[in-house]
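Undergrad: pasting a predicted model and its sequence here:
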Amino acid sequence: MLPPPGAGAILPSMPIHDLPLVLRQLRHVSSQQFVLELEGPEIAAECSPGQFVMTTVGGDGDPLLRRPMAIYRVLRDENGDATGFSMLVEVVGRGTAMLQQRQPGDVLNVLGPLGTSFRIPEPGTPAAEHLLVMGGVGSAPFPLLAEDLLRQGHSVRAFVGARTADLLLCVDDFKELGVPVEVSTDDGTRGHHGFVTGILEPYLMGREEGPAVLYACGPLPMMHAVHAVATAAGLPLQVSFEAPMACGLGACLSCVIKLRDGDGWSYRRVCQEGPVFDSREVVWE
Amino acid sequence: MLPPPGAGAILPSMPIHDLPLVLRQLRHVSSQQFVLELEGPEIAAECSPGQFVMTTVGGDGDPLLRRPMAIYRVLRDENGDATGFSMLVEVVGRGTAMLQQRQPGDVLNVLGPLGTSFRIPEPGTPAAEHLLVMGGVGSAPFPLLAEDLLRQGHSVRAFVGARTADLLLCVDDFKELGVPVEVSTDDGTRGHHGFVTGILEPYLMGREEGPAVLYACGPLPMMHAVHAVATAAGLPLQVSFEAPMACGLGACLSCVIKLRDGDGWSYRRVCQEGPVFDSREVVWE
Amino acid sequence: MRSASDSSVSLAVDIGSVRLRNPILVASGTFGYGSEFADLVDLNRLGGIVVKGLSLHVEVGNNPPRIAETSSGMLNSIGLQNVGVEAFLTEKLPSLRRQGVCVVANIWGRSVEEYVGVAERLDGAEGLAALELNISCPNIKQGGINFGKDPELTERVTAAVKAASSLPLWVKLSPNVTEISELAVAAEAGGADALSVINTLRGMTVDVTSRLPTLASTFGGLSGPAIFPVALYMVHEVRRVTSLPVLGIGGIDSLDRVLQFLIVGANAVQVGTANFYDPTLSARLIDELAEWCGDEGLDDVNELVGTLGVR
Amino acid sequence: MRSASDSSVSLAVDIGSVRLRNPILVASGTFGYGSEFADLVDLNRLGGIVVKGLSLHVEVGNNPPRIAETSSGMLNSIGLQNVGVEAFLTEKLPSLRRQGVCVVANIWGRSVEEYVGVAERLDGAEGLAALELNISCPNIKQGGINFGKDPELTERVTAAVKAASSLPLWVKLSPNVTEISELAVAAEAGGADALSVINTLRGMTVDVTSRLPTLASTFGGLSGPAIFPVALYMVHEVRRVTSLPVLGIGGIDSLDRVLQFLIVGANAVQVGTANFYDPTLSARLIDELAEWCGDEGLDDVNELVGTLGVR
Ligand SMILES: Cc1cc2nc3c(=O)[nH]c(=O)nc-3n(C[C@H](O)[C@H](O)[C@H](O)COP(=O)(O)OP(=O)(O)OC[C@H]3O[C@@H](n4cnc5c(N)ncnc54)[C@H](O)[C@@H]3O)c2cc1C
Ligand SMILES: Cc1cc2nc3c(=O)[nH]c(=O)nc-3n(C[C@H](O)[C@H](O)[C@H](O)COP(=O)(O)OP(=O)(O)OC[C@H]3O[C@@H](n4cnc5c(N)ncnc54)[C@H](O)[C@@H]3O)c2cc1C
Ligand SMILES: Cc1cc2nc3c(=O)[nH]c(=O)nc-3n(C[C@H](O)[C@H](O)[C@H](O)COP(=O)(O)O)c2cc1C
Ligand SMILES: Cc1cc2nc3c(=O)[nH]c(=O)nc-3n(C[C@H](O)[C@H](O)[C@H](O)COP(=O)(O)O)c2cc1C
Ligand code: FES
Ligand code: FES
């Protein structure tokens, strides 16, 4: 069902653009999280779920490097044509704080679409159950993935975790799409009190037999735990990784993680061979 | 009439503040020139004409250094109490271009008031004629000086030069204050076609005898020319200098110019012993 | 104002026997093997592409984290990960050659023998314009002393590689030395055909929360706009002692800095870290340079080289 | 969260025999003689003020322009303009002493004799905590070779000054060297009581319009946030070879960088260029440091020094 592990995006690779994009809207979803809507069809029309962009954050060469951000939603006009896309950002440091200060009309330089996308079944493949498991701002790429899966008639279910209720992301997106959502919070302020695997595992136990595919994005320990659950259940899992990035283009070799390679391992670039990897290919340590 | 050359400000020196000030308004006066109004009484209430501030331009550490800017007008409420002050800025490089991008509500960190002020006659001194000679953005400190002089009953006259008509500054300020203004432009688009000394000299020739004091601020060659005119006419001249500045406080020694010192000269700090100097003290070269 | 494509301005420069279309190259390690930027930059327009440092065998490189951002700069400790000279020759070079791209192979080793090995392997390679010797590497045969810090070692490795290859040889100097001019003289004595100035400055940062170095390998190389004034000074120093062609490298982020390098005496420049955050800069600089020369009334960019006045 | 003035955190540090109120000092040449900042900073709260470099006689300094802004940094070529040691003793020191400010005299000369001359003149001075030797100066008696670039000269000038004065002696190292550890060892051998690390990096920029160096004296010293990673690396290098107290200097613009210096092994730090664009930073850092230590549960800032972990 899946292409061979590590095979990269299933879509023919689309050209990468570097464009000055106008900020249409900045919408806060919590005190530390916000959505940025950018105008411009080029990247939006050609991207696939799981891909990302490298964006300036506003300063003119300060901070020096662009920041990698997943493509969150594709914005469309009444004809359904892509007019832009959005990013879902959590403030964690200086760059994301500067991004939060942007105003509508400001211009960001955006490079993309970059990296591999989630690999979804070829059209025509019998419908399966697709389980999206996410933590914190790792939720960003999943609404777009859900859209694509639903369009092909698959059933989709979301497991959303966060530190606390305020920081739960994308729950409304999933509800709008009609995707059932279960939530967990580390502090028990909403849903299951504990980690997201605490809702995923019971679900897997209780579900009927049949093909299922797991997708995960979030903090490393969370993805590692999902990997353990998936392995135990014998289900395939695609994980989307983060790593410090300078170029996003595969040139600087800064973003590497260890992937299995023959009997050993080798460093592969998250921006190029990833960010989406087959979890069995990853050297979890 | 003047205190001994190089004696510094005549006012008791006021404490220096370093304050985050809110930008109230940014008003364009030409494509390359704008007025920034800042809120905050502290600096405004204590400054004297000719003094300056060091201001951040908006970036967070980029550009690194603050920019020196003359205090243009003191803003007052209906009771006449100082509520803030303004700066009159010309875009010449990266920092001033960034300043032009500021929005009302933005905060600038402002250090001041700094430097010596124009030395004006003690209250009670018999009225004299005060001639303000300015070029380009060197006009900035003069409306405030005119106000002070007028308040003491002196007669004031302004000679305003610029490269071209669009860039003539402060003409309206002087008109509002009832100060007669003559203008010159390098390209002849308004007033005298030529340099500002071309209107100053004939005026000095034609005027009746009596005490007069000259003040000048503008490009170095212009101030040098006014110095020559003043010397020929036997009139005292105060000049306000610019120099690259890192601290504005007298600590870094970056802003020096040559002042006469005994038979020779020594380097003195524009930010501390200046920016206003007695023109006879300056080593013109 | 003349247009950017004004063909009446000649941008070609000679680095010894190598004629470059224009003086704007991209620096080793910052442009991959070229193909990574093919969607964004017409590789064929660049003065040249210096590829990621090649070694005899595949190198896995250092553990991550490998980069850290600093004020107007970044630290990297990639650890010279590369595909190895064989894979370069079979997988990377052929398509670049077909496109007519000017390719310079940056090479390194852990001993003089390793350097010579790479150079020999590349010697016959069609489509290579020159070798660039990265000597900012520890010599494991001599207690780990850095080739680039010692004039004698610099001369020795330069001479050995020169003897092993018929390709023009550029030697890339390290700035982490007391007198870079001594290293320049040593490289020239060893037979260098040109000097690339500079590689990264040594630096480190610490993650205060964990009290660990930010980079897994503790130290890294500082690059980016922050180092520009140091790089310009070092090109000036090198220019004082040699008439070899010089490639100015370090902190280029704008035409202004390209011009500064040329004015102090660099014959060409390499854009490095800026490729990461402004991937089309190198191509734009070519247009801007042509336009600037036109505006200044220069027919040939070489007229600008080494025109620094004295105050 | 404890309050900034939480007196239960001890910030005092010992630099050899000199006890400082806290580890936040201000660097030579960036704080004048202290009085320039008196409206803005309570001088008496600072760990210490290192005054502008003093010489035997008044120095007029270099021609302007003396500074140039660079990416996250600045170049300066003030040329060591200063009032001379006599005027310092009569006009500057007395009022600082009356206020109880901890004053360190940075000194320099063009020959060993000049260094000794200044040191002798300052020897008896009441109210001086220590001497700091700026050895980034050319020795006019030895062909202009820089004291700070040569281990032998460094040791010689350190020993001579040490013999001439009973004040604790801090030696301020230049970063423009191949191995700063060798200079650290030399200064220790000469009798240094502490090491100040680092002075400015050599650099230059060019004004493209005039094709002249931006600075009248062509070269200058690079300082500011841009150099922080280099400075931190050098403190780390120095810490490897000596147990002398170290004052970390270079690019401090925030508490985070103060902490990084302490973690790699600096016993105190000096804030330099940041005083120009953020004149109250030094005082704020003291509060922030106390608060941070409190939050981390440290009773004594010294517990942080040299706690860098190994990956
Ligand atoms: C492929 C990919 C997709 C991502 N998608 C999103 C998203 O949709 N929404 C979102 O909020 N965040 C996303 N991130 C994480 C985001 O890039 C970082 O949070 C951001 O770069 C932090 O920048 P900062 O200046 O605020 O933090 P600082 O800590 O000040 O950054 C300092 C440096 O570390 C890097 N860095 C810090 N944290 C991370 C991290 N977690 N991953 C990679 N580099 C990091 C920064 O890029 C920068 O170079 C993604 C990361 C990757 C690699
Ligand atoms: C006491 C004083 C009062 C001033 N008052 C005004 C005023 O009221 N309005 C106004 O528009 N300008 C004024 N200036 C000039 C103003 O400070 C510069 O135009 C401004 O710093 C340029 O910054 P930039 O980043 O745009 O230019 P850049 O050229 O990019 O600046 C680069 C560096 O050079 C310095 N610099 C450049 N030009 C000058 C200059 N002429 N004088 C001093 N330093 C300079 C900058 O501060 C900066 O450090 C004054 C200068 C001084 C010294
Ligand atoms: C991520 C990275 C990798 C690099 N790899 C190499 C290399 O393999 N060989 C080499 O000689 N220089 C390498 N360099 C140094 C650059 O080629 C260049 O000399 C340096 O970065 C300074 O230029 P800059 O400031 O424009 O980046 C690398 C630099 C960076 C940032
Ligand atoms: C304008 C200026 C003047 C300086 N003068 C001296 C000096 O007289 N003696 C000295 O030892 N260091 C001098 N320095 C170096 C600083 O003390 C400090 O070592 C250096 O600037 C690095 O720190 P920073 O990056 O925090 O500025 C000077 C630095 C600047 C910027
Ligand atoms: S971010 Fe540069 S190779 Fe991945
Ligand atoms: S600007 Fe620092 S002394 Fe004048």
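TA: Received the coordinates, thanks. Ligands and ions are numbered 1, 2, ... in the order given.
Undergrad: and the residue of the stretch 201-311 of chain C found nearest ligand 2, what are its phi and psi?
TA: As assessed by C-beta to the nearest ligand atom, ligand 2 sits closest to C:Asp256 within the stretch 201-311 of chain C, at 10.5 Å. For glycine as for every other residue, the C-beta is placed from the backbone atoms N, C-alpha and C. Here is the backbone geometry of C:Asp256 (degrees, to the nearest 10): phi -50, psi -40.
Undergrad: how about the contacts made by the residue lying closest to it once chain neighbours are set aside?
TA: Leaving out its chain neighbours, the residue that sits closest to C:Asp256 by C-beta to C-beta, 6 or more residues apart in numbering or on different chains is D:Val208, at 5.7 Å. Neighbour list for D:Val208: C:Asp256, C:Leu259, C:Gln260, C:Ile263 [criterion: C-beta atoms under 8 Å, 6 or more residues apart in numbering or on different chains].
Undergrad: of those residues, which is the most crowded?
TA: Neighbour counts for the contacts of D:Val208 (other C-beta atoms under 10 Å in any protein chain shown) peak at C:Gln260, which has 29 neighbours.
Undergrad: quickly find the element holding it.
TA: Using DSSP states H and E, C:Gln260 sits in helix C:255-264.
Undergrad: and the next helix or strand past that helix?
TA: Helix C:255-264 is succeeded, C-terminally, by strand C:268-271 (DSSP H and E).
Undergrad: paired strands for that next one, with orientation please.
TA: Paired strands of strand C:268-271, with direction, are strand C:24-26 (parallel), strand C:246-249 (parallel) (DSSP bridges).
Undergrad: next one: the lengthiest helix in chain A to chain centre, how far?
TA: Using DSSP state H to define each element, chain A has its longest helix at helix A:220-233. Mean-position distance between helix A:220-233 and its chain equals 17 Å (C-alpha atoms, centre = their mean, to the nearest Å).
Undergrad: if I look at the spatially closest residue to A:His227 that is not a sequence neighbour, what pLDDT would I see?
TA: Nearest residue to A:His227, sequence neighbours excluded (C-beta to C-beta, 6+ apart): A:Ser279, at 4.6 Å. A:Ser279 is assigned a pLDDT of 97 by the prediction.
Undergrad: right, and A:Ser279 touches A:Phe241 too?
TA: No. Assessed by C-beta atoms under 8 Å, A:Ser279 is found out of contact with A:Phe241, at 10.2 Å.
Undergrad: which residues touch the residue nearest in space to the middle of chain A?
TA: Most central in chain A under C-alpha atoms, centre = their mean is A:Pro141, positioned 3.0 Å from the mean C-alpha point. Applying C-beta under 8 Å, 6+ apart to A:Pro141 gives the contacts A:Pro49, A:Gly50, A:Gln51, A:Phe52, A:Ala70, A:Ile71, A:Tyr72, A:Phe118, A:Cys217, A:Ser240.
Undergrad: how about A:Val137?
TA: A:Gln33, A:Leu88, A:Val89, A:Glu90, A:Leu169.
Undergrad: who does the first one bridge with?
TA: Beta bridges link A:Gln33 to A:Ser30, A:Glu90, judged by DSSP bridges.
Undergrad: quick one on the thing from earlier: show me the two of the contacts of A:Val137 that sit farthest apart.
TA: Of all pairs drawn from the contacts of A:Val137, the greatest distance, 10.4 Å, lies between A:Val89 and A:Leu169 (C-beta to C-beta).
Undergrad: now do the shared contacts for the two.
TA: With C-beta under 8 Å, 6+ apart as the test, A:Val89 and A:Leu169 both reach A:Gln33, A:Val137.
Undergrad: quick check: buried residues in the longest helix of chain A?
TA: Within helix A:220-233, the residues scored as buried using 16 or more other C-beta atoms under 10 Å in any protein chain shown are A:Met222, A:Met223, A:His224, A:Ala225, A:Val226, A:His227, A:Val229, A:Ala230, A:Ala233.
Undergrad: contacting residues around the fourth one?
TA: By C-beta under 8 Å, 6+ apart, the contact list for A:Ala225 reads A:Phe195, A:Thr197.
Undergrad: mind listing the helices for the chain?
TA: If you meant another chain, say so; for now it's chain A. So, for chain A - with DSSP H - the helices run A:41-46, A:94-100, A:142-151, A:171-177, A:197-206, A:220-233.
Undergrad: look at chain C instead
TA: With DSSP H, the ranges of helices along chain C come out as C:84-87, C:93-99, C:112-123, C:151-164, C:180-190, C:228-241, C:255-264, C:274-277, C:281-296.
Undergrad: JSON lines for those, including mean pLDDT?
TA: Listed next are the helices of chain C as JSON lines, based on pLDDT from 0 to 100:
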{"stretch": "helix C:84-87", "mean pLDDT": "92"}
{"stretch": "helix C:93-99", "mean pLDDT": "93"}
{"stretch": "helix C:112-123", "mean pLDDT": "96"}
{"stretch": "helix C:151-164", "mean pLDDT": "97"}
{"stretch": "helix C:180-190", "mean pLDDT": "98"}
{"stretch": "helix C:228-241", "mean pLDDT": "98"}
{"stretch": "helix C:255-264", "mean pLDDT": "98"}
{"stretch": "helix C:274-277", "mean pLDDT": "98"}
{"stretch": "helix C:281-296", "mean pLDDT": "97"}
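Undergrad: which ones are touching residue 106?
TA: By default, I'm working from chain A. Contacts for A:Asp106 (C-beta under 8 Å, 6+ apart) come out as A:Val22, A:Leu23, A:Gly58.
Undergrad: the intended chain is chain C.
TA: Contacts for C:Asn106 (C-beta under 8 Å, 6+ apart) come out as C:Ser28, C:Gly29, C:Val50, C:Val51, C:Lys52, C:Gly53, C:Leu54, C:Leu131, C:Glu132, C:Leu133, C:Asn134, C:Lys172.
Undergrad: follow-up on the earlier one: and the furthest pair within the contacts of A:Pro141?
TA: The widest separation within the contacts of A:Pro141 (C-beta to C-beta) is 13.9 Å, between A:Tyr72 and A:Phe118.
Undergrad: give me the neighbour count for whichever residue of chain C sits closest to ligand 5.
TA: Ranked by C-beta to the nearest ligand atom, the top residue of chain C for proximity to ligand 5 is C:Phe276, at 6.9 Å. Per other C-beta under 10 Å, the neighbour tally for C:Phe276 reads 28.
Undergrad: what do you get for A:Gly234?
TA: The number of residues packed near A:Gly234 is 7, by other C-beta under 10 Å.
Undergrad: spatially nearest residue to C:Arg257 (excluding sequence neighbours)?
TA: Excluding the flanking residues, the one nearest C:Arg257 by C-beta to C-beta, 6+ apart is C:Phe228, at 5.8 Å.
Undergrad: and that neighbour, how many neighbours does it have?
TA: When neighbours are counted by other C-beta under 10 Å, C:Phe228 comes out with 28.
Undergrad: can you pull the contacts of residue 29?
TA: As the question left the chain open, I've gone with chain A. Contacts of A:Val29 by C-beta under 8 Å, 6+ apart are A:Val35, A:Leu88, A:Leu169.
Undergrad: that answer is for a different chain, and I need it for chain C
TA: C:Gly29 touches A:Cys252, A:Leu253, C:Lys52, C:Gly53, C:Asn76, C:Ile78, C:Asn106, C:Gly272, counting by C-beta under 8 Å, 6+ apart.
Undergrad: okay, and which of those map to strands?
TA: If you go by DSSP state E, the contacts of C:Gly29 have C:Lys52, C:Gly53, C:Asn76, C:Asn106 in strands.
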